[in-house]
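Student: Quick one, structure for this:
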Amino acid sequence: MNLSDAFRHQAHVCPTLGSPFMGRLMALFADRLAPGGAVADHLLAWPGDVSPAAQSVPLRIAGALHNLVVTGASPDLSSAYPPNAVTDDALWSAVTQAMEDHAPAILAFLASPPQTNEVRRAACLIAAGSALAARFDMPMMLSELGASAGLNLMWDRFALDAAGTRLGPGDAVLTLTPDWRGAAPEGVAPRIADRRGVDLAPIDPRAPRDAERLLSYLWPDQPERIARTRAAISVASAPVDQADAVDWLPDRLAAQTDGHLHLVYHTIAWQYLPDAHRARGDAIIAAAGARATPDRPLARLGMEADGSDPGAAITLTLWPDGQTQDLGRIDYHGRWVDWRAPLW
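Tutor: Reported below is the predicted structural model:
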């Protein structure tokens, strides 16, 4: 996939995910990006795979530009961004001027891959975690693979309002209200004894610059999504280690103690690992599962693309029995959930 095709792909996808503005912006890049200037030349000469499945160059430049808006560094660009409505010509003029005026900052931003924590994905974590808490009357240990800023390690501080059921604390910092299909979610409040994540390039949401970076990867015409992320940032406190997830797993799995359920989970992260690396991680988790006991159970929850549509598959494997359950499907951004109740 060349760069123009990558921008066109993103221009098609973004409106389906609720961002017409991003669709416009990506289409403008596909149609109008031309040599001339440090940023444009850098983008056009980008080495390697620029596609969404690899280095996600379109989302990198979108994040870099939004960062100028989030931080207030470019009032002129801000005036062309939502909630303001301008023509395509005016938008592209503001973008090209920003790329010229802020080239060093943009080039530095482009060096890192997109980092997002889609808080709405926590809908499946709340549903599954609450069901597990009802199934296992014991404290829970949480481990998230590909945790980014660790916002979704705090899912027990969020509420889920779905199918006439509310799960979560009364003082939840945010309430998720996805389009809920299928069985109503059931469960009890979990008791979280320990939580920790891992990421190759974690973001510390308690650091202002990192929080701004995280917000920059959200889409400018989705204020509710930005507000949810800000709310999640307000309670973020879980440590996220900088490491390779597969290398991190053995010590983390060994840290489980008797009388605790260990829930290992990943949302749109495991699918990006190379096949051999993913297979090694699967084997490490399965080996830990083989050592699980009724007093020290292990659960693995995945929300990942599986080649089927729509959305991502939600799967849950429990040990010591080792059975995997299909818990339904979820929109990649958590806008809807088609839930199948777990069978115990």
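
Student: For the residue of the chain most remote from its centre, give its distance to Pro169.
Tutor: The outermost residue of the chain relative to its centre, with distances by CA atoms, centre = their mean, is Gly36 at 33.9 Å. Note on Gly36: its distance to Pro169, by CB to CB, to the nearest Å, is 54 Å. Every C-beta, even on glycine, is put in place using the N, C-alpha and C of the backbone.

Student: repeat for Gln222
Tutor: With CB to CB as the criterion, Gln222 and Pro169 are 25 Å apart.

Student: These two: which has the busier surroundings?
Tutor: More crowded of Gln222 and Pro169, by other CB atoms under 10 Å: Gln222, with 18 against 11.

Student: so what's that one up against?
Tutor: Applying CB atoms under 8 Å, 6 or more residues apart in numbering, one finds that Gln222 lies in contact with Gly18, Ser19.

Student: List phi and psi for it.
Tutor: When read as degrees, to the nearest 10, the backbone of Gln222 gives phi -120, psi 70.

Student: Number the chain from 888, please
Tutor: Got it, the first residue is 888 from now on, which makes the last one we talked about Gln1109.

Student: per-residue confidence for it?
Tutor: Gln1109 is assigned a predicted lDDT (pLDDT) of 96.

Student: what does Asp1024 give?
Tutor: 94.

Student: from what I can see, it looks like it's in a strand, true?
Tutor: No - Asp1024: not assigned to a strand; according to DSSP: H, G, I helix; E, B strand; the rest coil it is coil.

Student: how many neighbours does it have?
Tutor: Neighbourhood size, Asp1024 [other CB under 10 Å]: 9.

Student: how close does it sit to Leu1185?
Tutor: Distance of Asp1024 to Leu1185, given as CB to CB: 16 Å.

Student: pretty sure Ala1014 contacts Pro1072?
Tutor: Yes - using CB atoms under 8 Å, Ala1014 is in contact with Pro1072, at 4.0 Å.

Student: Out of those two, name the residue with the larger neighbour count.
Tutor: Between Ala1014 and Pro1072, counted using other CB under 10 Å, the more crowded position is Ala1014 (32 against 23).

Student: which phi and psi does the more buried one have?
Tutor: According to degrees, to the nearest 10, Ala1014 has phi -60, psi -50.

Student: Distance-wise, check it relative to Leu1061.
Tutor: Applying CB to CB, the value for Ala1014 to Leu1061 is 16 Å.

Student: now do Arg1078
Tutor: Distance of Arg1078 to Leu1061, computed by CB to CB: 21 Å.

Student: what's the domain layout of this structure?
Tutor: 890-997, 1006-1226 (automatic domain parsing).

Student: Okay, now the shortest one: how far is its last residue from its first?
Tutor: The reference is to domain 890-997. 15 Å (CA to CA, to the nearest Å).

Student: State the mean pLDDT of it.
Tutor: Averaged over domain 890-997, pLDDT sits at 97.

Student: now do stretch 1207-1218
Tutor: Mean predicted lDDT for stretch 1207-1218 stands at 97.

Student: mind saving the C-alpha coords of it as PDB?
Tutor: Provided in PDB are the C-alpha atoms of stretch 1207-1218 (Å, rounded to 0.1, in the frame of the first residue of the first chain):
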ATOM      1  CA  PRO A1207      -7.900 -24.900  35.100                       C
ATOM      2  CA  ASP A1208     -10.500 -26.400  32.700                       C
ATOM      3  CA  GLY A1209      -9.000 -24.600  29.600                       C
ATOM      4  CA  GLN A1210     -12.300 -24.100  27.900                       C
ATOM      5  CA  THR A1211     -12.700 -21.100  25.500                       C
ATOM      6  CA  GLN A1212     -16.000 -19.300  25.200                       C
ATOM      7  CA  ASP A1213     -17.300 -17.000  22.500                       C
ATOM      8  CA  LEU A1214     -18.700 -14.000  24.300                       C
ATOM      9  CA  GLY A1215     -19.900 -12.300  21.100                       C
ATOM     10  CA  ARG A1216     -18.600  -9.300  19.200                       C
ATOM     11  CA  ILE A1217     -17.900  -5.600  19.700                       C
ATOM     12  CA  ASP A1218     -17.300  -2.600  17.600                       C
END
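
Student: Mind listing what's buried along that stretch?
Tutor: Along stretch 1207-1218, these residues count as buried under the neighbour rule (16 or more other CB atoms under 10 Å): Gln1212, Leu1214, Gly1215, Arg1216, Ile1217, Asp1218.

Student: Which ones among those residues lie within strands?
Tutor: Those of those mapping onto strands are Gln1212, Leu1214, Gly1215, Arg1216, Ile1217, per DSSP state E.

Student: nearest to Thr1204, of those residues?
Tutor: The shortest approach to Thr1204 among those belongs to Gln1212, at 7.6 Å (CB to CB).

Student: show me what contacts Leu1032?
Tutor: Gly1084, Val1085, Ala1132, Leu1136, Val1151, Tyr1152, His1153, Ala1156, Trp1157, Gly1168.

Student: in the sheet, who's paired with it?
Tutor: Val1085 (DSSP bridges).

Student: just to revisit the earlier point, between Arg1078 and Leu1061, which one's more packed in?
Tutor: The residue with more neighbours, out of Arg1078 and Leu1061 and counting by other CB under 10 Å, is Leu1061; that gives 21 against 13.
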